[in-house]
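Peer 1: prediction below, plus the sequence it came from.
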Amino acid sequence: MELQLKKHRYRCLVCSHTFFEKLSFIDRYQRHTVMLAQEALSLSSEMCLTHAGKLVGVSANRFLRMFDEETYL
């Protein structure tokens, strides 16, 4: 099951600056939720990264990037 979400874009009436709404469950510049990343990382302790990535529905490369982001924080 896949969730598709469109973020709303707003424009300031004074300065015409545009910005997107802030969503607490998606980090900035990301296309996956925080919960998906947490679930994927918890699975990585139980199985190989490729299999865990397939289980949560992301590519192996994306899963490796999520894993690298968390280990460097």
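Peer 2: All right, it came through fine. Numbering: from 1, shown residues only.
Peer 1: switch to C-alpha atoms for all contacts and neighbour counts from now on
Peer 2: OK.
Peer 1: in the lowest-mean-pLDDT helix or strand in the chain, what counts as buried?
Peer 2: In the chain, no helix or strand scores lower on mean pLDDT, DSSP states H and E than helix 60-72, which sits at a mean of 72. Neighbour-count burial for helix 60-72, counted by 16 or more other CA atoms under 10 Å, picks out 63-64, 66-67.
Peer 1: what of stretch 41-48?
Peer 2: 41, 43-44.
Peer 1: what about that stretch, distance to the chain center?
Peer 2: Here stretch 41-48 is found 17 Å from its chain centre; the criterion is CA atoms, centre = their mean, to the nearest Å.
Peer 1: ok, now stretch 8-18?
Peer 2: For stretch 8-18, the distance to the chain centre is 25 Å (CA atoms, centre = their mean).
Peer 1: okay, how far is it across that stretch, tip to tip?
Peer 2: Counting by CA to CA, to the nearest Å, you get 10 Å between the two ends of stretch 8-18.
Peer 1: ok, now stretch 25-36?
Peer 2: End to end - CA to CA - stretch 25-36 spans 10 Å.
Peer 1: need the residues that contact that stretch.
Peer 2: Residues outside stretch 25-36 that contact it (CA atoms under 8 Å, 6 or more residues apart in numbering) are Val56.
Peer 1: chain center to that stretch: distance?
Peer 2: Using CA atoms, centre = their mean, the offset of stretch 25-36 from its chain centre is 3 Å.
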